[in-house]
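Chemist: Give me a model of this one.
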Amino acid sequence: MQTREKTFGITCPSCGNTFEESLNTAIFSSTLDRQLILKNEFGKIICPECGHEFILNYKFVYTDEDIKFMLVNDPKFTDLKFRLVFLTSLELLDKSRKEEQEKFLTRMCTDIEEVREKIIIFENYLSDKAIELLKYILLESEELEFNHDDVSSFRLVDSDRFLIKTASGEEYTLAFVREVYDKILQQYKGMFDANKVEKVDKTWAYEFLKKHR
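Modeler: Numbers count the residues shown, from 1 in each chain. This is a model prediction of the structure:
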């Protein structure tokens, strides 16, 4: 395992001071960085001007050599254009590098919170696609008091529960019911392309259900 340091230009969200910081862009599950991500301390930056502490969302790759998954985090992936550029870059890899990359389940993420959830999902040997469908279906059902527009974040935070954050700032926990998850897996058995490099999120769930309901 080898770290890859890159210098980033950073603007403090508190005072507007601009400065540079050298950060690791090659993250591995066997290092301390995994724990920092799970504890929401990864990417922590302190402004040298005003002392403000904040989490910097930046481009990095998280690799789990044991479970064989790779998470490519890039804030620019919110734009389809940059996701397509990344997919094209994978096609241009030489044969040996391409074969190595294809050994990993690869997902595109746009922030560290999404990376954290993917780690929890894959370390518990769950399908992120089934999880996203479960969340989408729950928000469309009458079981919850709110819908898609009311929710700012809906994440699996451990093997037993979701954390829901509303647009108004409230937080709720919701049990992860394995029986419902298994039912979704069974219902859409054979429809998930497990090896495809994708961004699997709420938008993915919407498009999938639009095709397969």
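Chemist: wouldn't residue 50 be in contact with residue 16 here?
Modeler: No. The pair residue 50 / residue 16 is not scored as a contact, 9.2 Å apart, by C-beta atoms under 8 Å. The way it works is simple: take the backbone N, C-alpha and C, and place the C-beta from them, glycine included.
Chemist: Please save the CA atoms from the lowest-mean-pLDDT helix or strand in the chain in CSV.
Modeler: Every helix and strand of the chain was ranked by mean pLDDT, DSSP states H and E. The lowest is helix 95-101, at a mean of 89. Taking Å, rounded to 0.1, in the frame of the first residue of the first chain, the C-alpha atoms of helix 95-101 are listed here in CSV:
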residue,chain,number,x,y,z
LYS,A,95,-4.9,-4.5,-20.1
SER,A,96,-3.2,-5.4,-16.8
ARG,A,97,-4.5,-2.3,-14.9
LYS,A,98,-8.0,-2.9,-16.3
GLU,A,99,-8.0,-6.5,-15.2
GLU,A,100,-6.9,-5.5,-11.7
GLN,A,101,-9.6,-2.7,-11.5
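Chemist: Which elements pack onto that helix?
Modeler: Counting contacts by 3 or more C-beta pairs under 8 Å, 6 or more residues apart in numbering; DSSP states H and E, helix 95-101 is packed against no other helix or strand.
Chemist: can you list contacts of that helix?
Modeler: For helix 95-101, contacts defined as C-beta atoms under 8 Å, 6 or more residues apart in numbering pick out 70, 90, 93.
Chemist: let's see it at 10 Å
Modeler: Helix 95-101 has contacts (C-beta atoms under 10 Å, 6 or more residues apart in numbering) with 70, 90-93, 197.
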